[in-house]
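Enquirer: Pasting the sequence and the predicted model now:
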Amino acid sequence: MLTHRDNKPLFLESHIEIEKVFEQNNVQRPFLCCGKSFEKSYVFEYIKQFNPVVFDNIRPNPRFDDMLTAAELFKAEKCDFMIAAGGGSPMDSAKMIRILTNNDEETALYGDIENNYIKALFIPTTAGTGSEATKTSVFYLNEVHKYSVHSFDFIPEYVLFDEKLLETLPLYQRKATCLDALCHSIESYWSSEANDKSREYAAKSIKLFFENKDGYINNAPEGNRGMLWASYYGGKAINLTGTVAPHALCYNITMNCHTAHGHSVAVLLSKIYEYMLERDYPKELFNSFAKVMGGNEAKDGLEIFNSVLEEFKLEQPKIDEAKLDEFVKEVNITKLKTNPVQLNENDIKEIYRRTLCSK
């Protein structure tokens with residue numbers, strides 16, 4: 001049975017309900033945007049009977065050029081439904097591919113996007129990005145410049161959570177992706193754009209993270225399913241608030257240190273949290289947040305977060321200190337305006353130094 005959660009999307013209880021979705025929408029030619037690992041799954045084998053057009057040229061940090069290529073394929077094959085299966089990269093790619101089928105490149109990037117009403121089913125195979133819940137697609141232009149597009153039409157009509165699809169996730173990616181979900185919730189809770197609803201979602205995500213962390217790391221079915229929901233509610237939270245400084249600064253690390261996105265943002269969040277506690281931080285907000293994390297006062301939240309990093313034993317990324325100025329120049333200061341403590345270029349350089357150049 002298809003069930004609603006917060007009005008949109010509809011959640012499928014099993015992959016065999018995909019046929020019902022296709023029947024209800026008179027789907028003739030589905031388009032499947034996925035990572036290559038998804039093609040080894042039993043869900044892919046099931047979808048094959050519907051003769052999908054498969055686009056699997058998805059890089060870990062998706063590129064706009066690939067999305068343009070995929071949109072042309074979608075149109076050439078006269079596709080009428082989008083399936084995105086994988087982590088954040090296939091889902092973010094699918095969002096843009098949909099709109100590029102009837103919006104030109106300039107409009108898709110900078111203009112008022114026209115909806116084409118192509119419906120979509122998202123099937124996350126990692127528990128971290130929450131992309132199935134957000135109005136944002138994040139990708140790279142010209143290989144190095146991070147860019148994002150926002151549209152409520154990006155949110156899919158259908159979602160399938162299948163914990164079995166997480167069973168083959170490597171341990172490093174398992175750790176990195178769930179840290180991304182946790183960081184989404186923390187940053188949303190901190191944001192100056194937060195409201196009661198976004199903080200409700202963030203708190204729910206954080207609670208689910210800690211309830212399911214051990215089972216998820218040990219690849220237990222209940223832990224995998226619980227972390228999918230933690231990721232989803234983290235996505236719901238940032239859909240209302242956006243992220244703050246850790247995400248704004250982490251892309252330099254991901255692209256230059258070759259760490260997974262969740263790894264990059266988590267090590268940065270730790271140092272940014274530490275740095276903010278040394279300044280005139282909003283004590284009521286941070287004390288409230290610490291209670292959500294299971295502590296009593298601001299410093300407890302940092303200690304609990306750091307205990308997770310210590311438990312996960314992730315390697316600390318390193319760069320030469322001479323690159324710090326280059327990193328700072330790549331950060332868009334205007335995107336830090338919702339951070340709970342305002343940061344200038346000197347602050348950003350010091351945060352990068354503590355994160356990447358410490359002995």
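Expert: Structure received.
Enquirer: can you pull the contacts of the residue lying closest to G111 once chain neighbours are set aside?
Expert: Using CB to CB, 6 or more residues apart in numbering and skipping residues adjacent in sequence, the residue nearest G111 is N103, 7.4 Å away. The C-beta positions use only the backbone N, C-alpha and C, and glycine is treated the same way. By CB atoms under 8 Å, 6 or more residues apart in numbering, N103 lies in contact with 111, 113-114, 116.
Enquirer: hang on, N103 in a strand?
Expert: No: per DSSP: H, G, I helix; E, B strand; the rest coil, N103 lies outside any strand segment and is coil.
Enquirer: what's the spacing between it and I97?
Expert: For N103, the distance to I97 equals 11 Å [CB to CB, to the nearest Å].
Enquirer: what do you get for T259?
Expert: T259 is 27 Å from I97, where distance means CB to CB.
Enquirer: Then E350?
Expert: The span separating E350 from I97 equals 40 Å under the rule CB to CB.
Enquirer: okay, the two: which has more neighbours?
Expert: Ranked by neighbour count (other CB atoms under 10 Å), E350 and I97 place I97 first, with 29 against 15.
Enquirer: The more buried one and N25: what is the separation?
Expert: Distance of I97 to N25, computed by CB to CB: 18 Å.
Enquirer: again with F152
Expert: From F152 to N25 the distance is 19 Å (CB to CB).
Enquirer: now A202
Expert: From A202 to N25 the distance is 33 Å (CB to CB).
Enquirer: now swap in Y251 and tell me
Expert: Distance, Y251 to N25, using CB to CB: 36 Å.
Enquirer: Neighbour count: the two, which is higher?
Expert: When Y251 and N25 are compared for neighbours, Y251 comes out ahead with 21 against 16, by other CB under 10 Å.
Enquirer: Let's verify the closest residue to that one other than its chain neighbours: helix, strand, or coil?
Expert: Once flanking residues are discounted, Y251 sits nearest to K146: 4.8 Å by CB to CB, 6+ apart. On the three-state scheme (three-state DSSP), K146 is labelled strand.
Enquirer: thinking again about what came up before, max pairwise distance over the contacts of N103: which two?
Expert: Within these, G111 and N116 form the most distant pair, 14.4 Å apart (CB to CB).
Enquirer: Check what pLDDT the nearest residue to L12 once chain neighbours are set aside gets.
Expert: Ranked by CB to CB, 6+ apart and with sequence neighbours excluded, the top spatial neighbour of L12 is L160, at 4.4 Å. Looking at L160, its pLDDT is 98.
Enquirer: ditto for R5
Expert: Here the pLDDT value assigned to R5 is 45.
Enquirer: Check whether the residue lying closest to L268 once chain neighbours are set aside sits in a helix, strand or coil.
Expert: Spatially, and ignoring its direct neighbours in sequence, L268 is nearest to P246 (4.7 Å; CB to CB, 6+ apart). Here P246 is helix, with the state taken from three-state DSSP.
Enquirer: show me what contacts the nearest residue to N51 once chain neighbours are set aside?
Expert: Of all residues not flanking N51 in the chain, R29 sits nearest, at 7.2 Å (CB to CB, 6+ apart). Taking CB under 8 Å, 6+ apart, we find R29 in contact with 51-53, 77-81.
Enquirer: likewise W190?
Expert: W190 neighbours (CB under 8 Å, 6+ apart): 244, 285, 289, 339-340.
Enquirer: Against H247, how distant is L228?
Expert: Taking CB to CB, one finds L228 at 21 Å from H247.
Enquirer: Correction: the previous question concerned A202.
Expert: Applying CB to CB, the value for A202 to H247 is 14 Å.
Enquirer: For these two, indicate the residue with more neighbours.
Expert: Applying other CB under 10 Å to A202 and H247 shows that A202 carries more neighbours, namely 28 against 22.
Enquirer: and that one, what element?
Expert: Following DSSP states H and E, one finds A202 within helix 196-217.
Enquirer: Give me the helices and strands touching the helix or strand just after that helix, please.
Expert: Per DSSP H and E, helix 196-217 leads on to helix 221-241 as the next helix or strand towards the C-terminus. Packing partners of helix 221-241 (3 or more CB pairs under 8 Å, 6 or more residues apart in numbering; DSSP states H and E): helix 171-190, helix 196-217.
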